[in-house]
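Asks: A structural model of the following input is requested.
(one chain, ligands or ions: 1)
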Amino acid sequence: MIRANENYNKLQASYLFSDIAKRVETFQQNNPDTHVIRLGIGDVTRALPKAVIKGFHDGVDEMAVDATFRGYGPEQGYAFLRETIAAHDFQARGADITADEIFVSDGAKCDTGNFQELFATDIKIAIPDPVYPVYLDTNVMAGRTGEFQNGRYENIVYMDCLKENNFMPELPKEKVDLIYLCFPNNPTGATATKAQLKVWVDYARQNRALILFDAAYEAFIREDTLPRSIYEIEGAKEVAVEFRSFSKTAGFTGTRCGFTVVPKECMVFSATGEKISLHRLWHRRQSTKFNGVSYPVQRATQAVYSKEGQVQVKELIDYYLNNADIICKTIASLGLDYVGGKNSPYIWIDGQGRDSWDFFDLLLNKASVVCTPGGGFGLCGNPYIRISAFNSLENVTLAMERVRKALK
Ligand SMILES: *Cc1c(COP(=O)(O)O)cnc(C)c1O
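Replies: Residues are numbered from 1 along each chain as shown. As a prediction, this is how the structure comes out:
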């Protein structure tokens with residue numbers, strides 16, 4: 001008898017985006033002439049930068065000729081890309097990361113989801129609430145949690161991120177082995193300072209724990225004092241893995257490229273306490289289960305780092321950050337509390353006692369604007385909504401005029 005992985009039964013059906021779609025559809029049917037503006041899902045809307053398109057085309061052209069055609073590439077990515085990433089994103093910022101510690105992949109969702117395979121099933125895991133749901137769900141699938149009760153899984157240490165702690169996870173009271181962190185955060189938009197990250201690095205070093213640091217929104221950081229990589233913190237190379245993505249950085253959500261940094265100093269431990277190289281495990285995992293990112297996509301990604309590419313990518317992100325600023329100003333002028341919107345494309349808005357679905361319905365029905373109810377990112381997200389800056393300037397400006405009128 002072929003038996004199922006019954007851990008999947010523990011997963012909570014995520015109705016979030018289908019519920020949103022249903023409500024928007026009903027509204028649109030009842031108001032066929034209304035232009036609904038979507039500031040809900042976290043997907044980019046602007047085209048790939050010109051330099052990236054050129055790199056992409058060049059890569060395709062090489063595939064068209066026997067002399068330059070490429071078959072299987074290295075599973076960890078081509079050296080040209082790994083070297084560029086290490087030099088530009090890390091060494092240039094004083095973080096001593098080398099090309100062979102970079103693992104190029106088809107995005108951060110797979111890597112943040114797959115990485116947990118390398119750990120024992122009976123470790124203690126700390127996860128922020130609210131956060132990107134992939135960290136939790138992939139550990140549920142792997143059987144690291146108990147049942148779902150009263151809105152939470154047994155055997156997970158949830159780190160509540162609330163207004164009271166400035167949406168910053170606090171060190172857990174019980175000892176944990178694996179810690180997920182995400183800065184700038186999805187959905188709250190909160191960022192972490194070097195001092196705040198150092199607390200976690202010190203904790204991990206003292207407790208032989210490991211940090212999985214998701215920096216998918218690193219490119220939105222504009223304050224020079226904020227760290228863009230966890231490796232800017234002393235000692236982090238021993239205890240942290242970092243995930244990056246070109247999705248939000250360069251408009252790659254449909255093109256697919258990201259990378260994971262696994263420093264050679266990072267160790268995990270056998271039951272008897274012997275050191276095992278985490279780099280070796282991830283290398284083995286990727287070589288066995290992954291066959292690399294397509295060559296033209298890696299060429300397109302390399303073009304992100306060219307001189308023109310850097311200018312164009314900065315312009316792309318500035319555009320979304322300007323949208324975020326418009327959203328922040330509107331929300332502030334209405335006297336609502338919010339976080340994010342600076343160094344982040346997300347604005348996390350306190351509904352001031354409203355349930356997040358009620359707030360969602362209010363914005364949909366009164367302003368024809370779609371947001372995301374915060375409860376979809378965790379129990380602590382319930383009193384909030386997330387508004388995303390990923391849309392055109394025209395749409396964001398119009399949406400905010402409508403929101404201002406609706407909430408005044
Ligand atoms: C969008 C996002 C990702 C990754 O996306 P990919 O497109 O799979 O690279 C990872 N983490 C967070 C927090 C995100 O919001």
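Asks: all contacts plus neighbour counts: C-alpha atoms, from now on.
Replies: OK.
Asks: now what about stretch 363-371, what contacts it?
Replies: Taking contacts as Cα atoms under 8 Å, 6 or more residues apart in numbering, the residues outside stretch 363-371 that touch it are 24, 27, 34-41, 360, 385-388, 399, 402-403, 405-406.
Asks: how about Arg3, secondary structure?
Replies: coil (DSSP: H, G, I helix; E, B strand; the rest coil).
Asks: and stretch 274-288, what's buried?
Replies: Ser277, Leu278, His279, Leu281, Trp282, His283, Gln286 (16 or more other Cα atoms under 10 Å).
Asks: which ones among those residues lie within helices?
Replies: When DSSP state H defines the helices, the subset of the buried residues of stretch 274-288 inside them is Leu278, His279, Leu281, Trp282, His283, Gln286.
Asks: tell me where this structure has helices.
Replies: Using DSSP H, helices in the chain cover 7-10, 16-30, 50-63, 79-85, 108-114, 134-141, 194-207, 236-239, 247-250, 278-289, 295-304, 307-333, 356-367, 393-407.
Asks: figure out which of those is closest to Glu218.
Replies: Among these, the nearest to Glu218 by Cα to Cα is helix 247-250 (7.8 Å).
Asks: kindly export the closest one (C-alpha atoms) in CSV.
Replies: Extracted C-alpha coordinates of helix 247-250, given in CSV (Å, rounded to 0.1, in the frame of the first residue of the first chain):
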residue,chain,number,x,y,z
SER,A,247,13.1,38.5,-7.9
LYS,A,248,12.4,41.8,-6.1
THR,A,249,15.9,43.2,-6.7
ALA,A,250,15.8,43.1,-10.5
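Asks: can you put the buried residues of stretch 274-288 in JSON lines and add pLDDT?
Replies: Formatted as JSON lines, these follow (pLDDT from 0 to 100):
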{"residue": "Ser277", "pLDDT": "98"}
{"residue": "Leu278", "pLDDT": "98"}
{"residue": "His279", "pLDDT": "98"}
{"residue": "Leu281", "pLDDT": "98"}
{"residue": "Trp282", "pLDDT": "98"}
{"residue": "His283", "pLDDT": "98"}
{"residue": "Gln286", "pLDDT": "98"}
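Asks: near the ligand too, which of these?
Replies: Residues of those in contact with the ligand (Cα under 6 Å from any ligand atom): none.
Asks: pick out whichever of those residues sits closest to the ligand.
Replies: If you rank the buried residues of stretch 274-288 by distance to the ligand using Cα to the nearest ligand atom, Gln286 comes first, at 16.0 Å.
Asks: name the nearest residue to that closest one, sequence neighbours excluded.
Replies: Glu75 (6.7 Å; Cα to Cα, 6 or more residues apart in numbering).
Asks: what is the burial count for the one you found?
Replies: 18 (other Cα atoms under 10 Å).
Asks: quick one: closest of the helices of the chain to Thr260.
Replies: Go through those one by one with Cα to Cα and the one that ends up closest to Thr260 is helix 108-114, at 7.1 Å.
Asks: elements contacting that closest one?
Replies: Judged by 3 or more Cα pairs under 8 Å, 6 or more residues apart in numbering; DSSP states H and E, the packing partners of helix 108-114 are helix 134-141, strand 240-245, strand 258-261.
Asks: out of the ones you listed, which one sits most buried?
Replies: Between the helices and strands packed on helix 108-114, strand 240-245 has the highest mean count of neighbours, a mean of 26, where neighbours are mean count of other Cα atoms under 10 Å.
Asks: distance between that strand and the chain's centre?
Replies: 10 Å (Cα atoms, centre = their mean, to the nearest Å).
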